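Peer 1: Sequence plus predicted model, see below.
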Number of protein chains: 2
Amino acid sequence: MNLELSQTEENYLKAIFSLSLSRSKSVSTNAIAEKLDTKASSVTDMVKKLSEKKLIDYKKYQGVSLTEEGKKRAVKIIRKHRLWEVFLVKHLDFNWDEVHEVAEQLEHVKSIKLTNELDRFLEFPTHDPHGDPIPDADGNIDHHIDVMLASLHKNETCVVLGVKDSSPSFLKYLDGHEIKLGSEIIVLEKEEFDNSMQIQIADRKISISQQITKNLFVKKLGK
Amino acid sequence: MNLELSQTEENYLKAIFSLSLSRSKSVSTNAIAEKLDTKASSVTDMVKKLSEKKLIDYKKYQGVSLTEEGKKRAVKIIRKHRLWEVFLVKHLDFNWDEVHEVAEQLEHVKSIKLTNELDRFLEFPTHDPHGDPIPDADGNIDHHIDVMLASLHKNETCVVLGVKDSSPSFLKYLDGHEIKLGSEIIVLEKEEFDNSMQIQIADRKISISQQITKNLFVKKLGK
DNA sequence: ACTAATTTTTAGACATATCTAAAAATTAGT
DNA sequence: ACTAATTTTTAGATATGTCTAAAAATTAGT
């Protein structure tokens, strides 16, 4: 079974996948409707369709969950989405807060070769600009990066891998301070009273609050 | 007026644009139907719709032609299509005969920034892998490259810019002989009796027929 | 446990893009 | 110029994905 899915169907799979990560068990009709900014009745219709295609398990009034095949499909779409995000940020000068909308479109382009060649071209990145892991060609997903800038100590050095909070306001803040994917940061000082940090980034010294340091995924350098 | 067009509408504009290049005057319903592999009745419906949007001029039974706005839109889509083709061949190891189908999808992704950044990333290419000119951001189109390999003389050197004939069999032939976009070719010998050529390409010496040399666009090197 | 609130589903409608079959207009042949 | 062939349009149907409004089922409150 390898029927082509419409963009809409793919978006439903993706939404259900991400919702089942947090809410573990089955996903409710309303939750999907809210996520996709549509009405519950539309969700019911689509859910029946995906159920017939054996991509989700669905019993009336009981919510839905992805089948193995459904999960595979969802992971493939997420892989494409995140690879494109890397491409946009790394090569096309997109800011973190601009990539999502475009990646939403690019992720639906159908070509296995395209995806895998893009992966190779980008040198097999493991995480997207938001710090989310990129599934490999077989659908295996790395675990989340869980080192936050906040956990570093004075004089430690790291590279920015992603963000935890993807809100436009946070991403704008980062762009404003030129804190980018791949930026190297040195912790110059860590204040006891408010956990703010003095950091060196490129040739600038700036102070950032705990609110920021707790939302930046980093990779420690040296040891 | 800047309404969003569906992918289908965009495909109609593109088809009408390319048909009006050859058949100059107005384009017939049947011609569009054939180009898009659909039925004449479907074309009539869509043509009415595009006419209401002022993208084409249409009078019943008289065929259609693009308005200025329609032409602008078509050129933008073609620009995107050709830029993506360059990207696929240059960076993602696609062969000439593989790019079209994928570019057909990529061309519909909506983001002006994406298009222009891609253009910059590719270093503002003037022609796609098939030798067709790429419109610039303002919609200006260069004229066709009209230097064919066949017109070169003994000992002249050139770079492959594109192909005239885009048939899968021809493109496969080129791939088979590793004649690629950007390949440097030296004309070693030109036979009088059949106009075939002995050429040097990379470190190989091969013989190619006039059928081939008349379908390869090139740029002369040195002088 | 029974009513009230909420969630989910159904029924019926609409918009897009397509099709077939038949009607209307144009064009071509003699 | 008149019929025949072709092209184009209309009319009515279908499939997808959406909606509103009402009905049905579930969950929560006391």
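Peer 2: Ah, there it is.
Peer 1: State the helix or strand in which residue A:57 lies.
Peer 2: Under the criterion of DSSP states H and E, residue A:57 resides in strand A:56-58.
Peer 1: Grab the longest helix from chain A for me.
Peer 2: Longest helix in chain A, counting residues (DSSP state H): helix A:68-91.
Peer 1: and the strand holding residue A:57, what does it pack onto?
Peer 2: When contacts are defined as 3 or more C-beta pairs under 8 Å, 6 or more residues apart in numbering or on different chains; DSSP states H and E, strand A:56-58 sits against helix A:40-52, strand A:64-66. C-beta: built from backbone N, CA, C; applies to glycine.
Peer 1: What lies in contact with that strand?
Peer 2: For strand A:56-58, the external contacting residues (C-beta atoms under 8 Å, 6 or more residues apart in numbering or on different chains) are A:13, A:16, A:47, A:48, A:50, A:51, A:64, A:65, A:66, A:67, A:70.
Peer 1: for that strand, the distance to its chain's centre please.
Peer 2: Here the centre of strand A:56-58 is set off from its chain's centre by 25 Å, with C-alpha atoms, centre = their mean, to the nearest Å.
Peer 1: tally of neighbours for the nearest residue to residue A:3 once chain neighbours are set aside?
Peer 2: Spatial nearest neighbour of residue A:3, chain neighbours left out: residue A:53 (6.7 Å); criterion: C-beta to C-beta, 6 or more residues apart in numbering or on different chains. Residues near residue A:53, counting by other C-beta atoms under 10 Å in any protein chain shown, number 16.
Peer 1: surely residue A:53 meets residue A:10?
Peer 2: No. Counting by C-beta atoms under 8 Å, residue A:53 sits too far from residue A:10 to count as a contact (12.0 Å).
Peer 1: Of the contacts of strand A:56-58 - the most surrounded one?
Peer 2: For those, the largest number of neighbours (other C-beta under 10 Å) sits with residue A:16, at 28 neighbours.
Peer 1: got the contact list for it?
Peer 2: Counted by C-beta under 8 Å, 6+ apart, residue A:16 has contacts A:27, A:32, A:56, A:64, A:65, A:66, A:70, A:74.
Peer 1: Helix or strand next in line after the longest helix of chain A, which one?
Peer 2: helix A:99-106.
Peer 1: Please state the offset of the helix or strand following that next one from the chain centre?
Peer 2: Next along the chain after helix A:99-106, taking DSSP H and E as the criterion, comes helix A:112-121. Chain-centre distance of helix A:112-121: 19 Å, with C-alpha atoms, centre = their mean.
Peer 1: Please apply the same query to stretch A:169-180.
Peer 2: 17 Å.
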